[in-house]
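>>> sequence below, structure please.
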Amino acid sequence: QVQLVESGGGLVQAGGSLRLSCAVSVRIFSSNYRAWFRRAPGKEREFVAAISWSGGSTWYADSMKGRFTISRDNAKNTVYLQMNTLKPEDTAVYYCAAARHYGSSWSEYDYWGQGTQVTVSS
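Sure thing, here's the model as predicted:
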């Protein structure tokens with residue numbers, strides 16, 4: 001059974017940083033792309049960033065470019081999201097996901113974690 005487990009969320013002041021981690025319990029041979037999505041209260045799930053198997057290709061939502069960095073360590077089966085210069089509007093539950101190819105729609109992802117809460121205070 002595949003499990004994606006996020007960690008690293010918490011409460012941070014505006015302008016601060018957090019690093020989220022997502023550990024995958026087993027190797028997902030057919031779903032090697034990884035992504036982060038988020039869902040703010042009262043809003044739809046939103047694409048944040050994605051990364052290819054090798055890490056050589058990354059994609060970001062426009063509002064996250066320059067502030068967030070996605071990376072992965074395949075030896076540890078873990079993907080990371082470094083978030084800098086956080087803003088109150090970044091407050092959301094952050095989810096990691098796995099898919100067979102790159103996509104910015106949540107419907108394209110096969111596996112999901114349970115989410116980790118990020119709260120940014122002003």
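>>> mind checking how far the closest residue in space to Gly113 that isn't next to it in sequence is from Ser17?
Of all residues not flanking Gly113 in the chain, Leu4 sits nearest, at 3.7 Å (CB to CB, 6 or more residues apart in numbering). C-beta coordinates here come from the backbone N, C-alpha and C atoms, glycine included. Going from Leu4 to Ser17 by CB to CB, to the nearest Å gives 22 Å.
>>> neighbour count: these two, which is higher?
Using other CB atoms under 10 Å, the more surrounded residue of Leu4 and Ser17 is Leu4, with 21 against 11.
>>> where does that one land on pLDDT?
Leu4 is assigned 92 on the pLDDT scale.
>>> list the contacts for it?
22-25, 96-98, 111-114 (CB atoms under 8 Å, 6 or more residues apart in numbering).
>>> any idea how far it is from Thr78?
Distance from Leu4 to Thr78, by CB to CB: 10 Å.
>>> shared neighbours of the two, anything?
Common neighbours of Leu4 and Thr78, using CB under 8 Å, 6+ apart, are 22-24.
>>> quick check: bridge partners of Asp73?
Thr78 (DSSP bridges).
>>> tell me which residue lies nearest the centroid of this protein.
Trp36 (2.3 Å; CA atoms, centre = their mean).
>>> distance from the helix or strand hosting it to the middle of the chain?
For Trp36, the element it lies in under DSSP states H and E is strand 33-39. Remark: strand 33-39 is offset 4 Å from the chain centroid, using CA atoms, centre = their mean, to the nearest Å.
>>> C-terminal to it, what's the next element?
strand 46-51.
>>> put the alpha carbons of that following strand into PDB.
Extracted in PDB, the C-alpha atoms of strand 46-51 (Å, rounded to 0.1, in the frame of the first residue of the first chain):
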ATOM      1  CA  GLU A  46      -4.500  24.800  -5.900                       C
ATOM      2  CA  PHE A  47      -1.400  23.700  -7.700                       C
ATOM      3  CA  VAL A  48       1.900  24.800  -6.000                       C
ATOM      4  CA  ALA A  49       4.800  23.100  -7.600                       C
ATOM      5  CA  ALA A  50       5.800  19.800  -9.300                       C
ATOM      6  CA  ILE A  51       9.100  18.000 -10.100                       C
END
